[in-house]
Each structure stands twice: as structure tokens, then as C-alpha cells.
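A.B. asks: Below is the sequence, then the predicted model.
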Amino acid sequence: MKRIMKMLVMGCGILASSIGCSRLSPPPAKEEPAKAKPALDAHAEADKIFLTRCASCHGLDGRGDGPGAANLNPKPRNYHDKTWQKTITDEQIEKTIVYGGAAVGKSPSMAANPDLTTKPEVVAALREYIRKLGKE
Ligand code: HEC
């Protein structure tokens, strides 16, 4: 019985188009649906967000000395602080960015960015940006 099936399948390979046993041949590959391309790539968007939303407090260079930092206590985090970089986890950085300082027991002056909940790739790129500054 097995042999007969095998012959049938082989035969169909050759005759597939003519005698209607094409259902034994593999279905045609499905075409990938075209993915909508984001307007900006995650890193470009993160750079833009840092300049427009974060630098006012954290400073353009991430030293925690932006104009908005003057009256803040505690001061915004200086990303160049090597001890901080060593002790903070990626998850904590990302959580702070999305949910704000109050959510992680830090200063509520560190604002939440709820629009980034749906953009984990941008949050990750912001975290990478912060990590990179810490290496300088
Ligand atoms: C209004 C000023 C302000 C703005 C704007 C701001 N931050 Fe902060 N940020 C702070 C302050 C103040 C702290 C320090 C909180 C503390 O140590 O209690 C902080 C801390 C942090 C920390 C460290 C948290 C920790 O657990 O040590 C990260 C990471 C951070 N901010 C990222 C960002 C990013 C990314 C943006 C922009 C999307 C941003 N911040 C915008 C004020 C600000």
C-alpha cells in the first residue's frame, strides 16, 4: 500500500497539472504581506525624542545639566556616572522611561512617556543611547 502511494505521488509530480492530482503537490508559497514601514527607524526616532523630550533636563550630552535641571532635587541622572551604569539594569532604565520616576521609586519629576508603551523598539534604542553615553 505504501508503495502504491509512493508511486501515485511520484506520478502526480510529473502529471500534476494535467490530471487534477495537483492537491498532492505542495501548495504555492504564500506571499509575505508588505509591512508598513515606520516613518522613522527606531534609532532615528530615539535620537529625536532624546533631543526634544529628555535633553531639557538630562542635558544634550546626558550629564544631567539641562536648563530644566536647575530647580530639580534630586538632579536628573548623569548618564556618565559609571557606578550608576553598573548597578542599573536595562529593564529598570526602560521601565523608568515608559512609566516615569514615580513608578520605580524615583523622583516624580522624571516624567512618564506613555506613548512609548507601544514602541518597545524605540524605548530599547533610547536605553542604548543612554548606555552609549555612559561609555564616554
Ligand atoms: C523634567 C525633567 C526630566 C525630563 C524631561 C526627563 N527626565 Fe529622566 N530624570 C529626571 C530626574 C529628576 C531623574 C532622577 C530621578 C531620581 O534619581 O530620583 C531622572 C532619571 C532618569 C533615569 C534614571 C532612573 C534611575 O532609575 O536611576 C533615566 C534612565 C531617565 N531619567 C531617562 C530619561 C529619558 C530617556 C527622558 C526623555 C524621554 C527623560 N529622562 C526625561 C528628570 C527628567
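C.D. replies: Nice, thanks for sending it over. Please read these numbers as outputs of a predicted model, since none were measured by experiment. Numbers count the residues shown, from 1 in each chain.

A.B. asks: neighbours around residue 82, how many?
C.D. replies: 9 (other Cβ atoms under 10 Å). Every residue, glycine included, has its C-beta placed from N, CA and C.

A.B. asks: Please apply the same query to the one 10 residues further on.
C.D. replies: For residue 92, the number of neighbouring residues by other Cβ under 10 Å comes to 13.

A.B. asks: Now the nearest residue to residue 40 once chain neighbours are set aside: phi and psi?
C.D. replies: Leaving aside its chain neighbours, residue 40 sits nearest to residue 48 (7.0 Å; criterion: Cβ to Cβ, 6 or more residues apart in numbering). Per-residue torsions, residue 48: phi -70, psi -40 (degrees, to the nearest 10).

A.B. asks: try residue 95
C.D. replies: phi -60, psi -40.

A.B. asks: Next, name the residue at the spatial heart of this protein.
C.D. replies: residue 121 (1.3 Å; Cα atoms, centre = their mean).

A.B. asks: how near is that one to residue 46?
C.D. replies: From residue 121 over to residue 46 the distance is 9 Å, taken as Cβ to Cβ, to the nearest Å.
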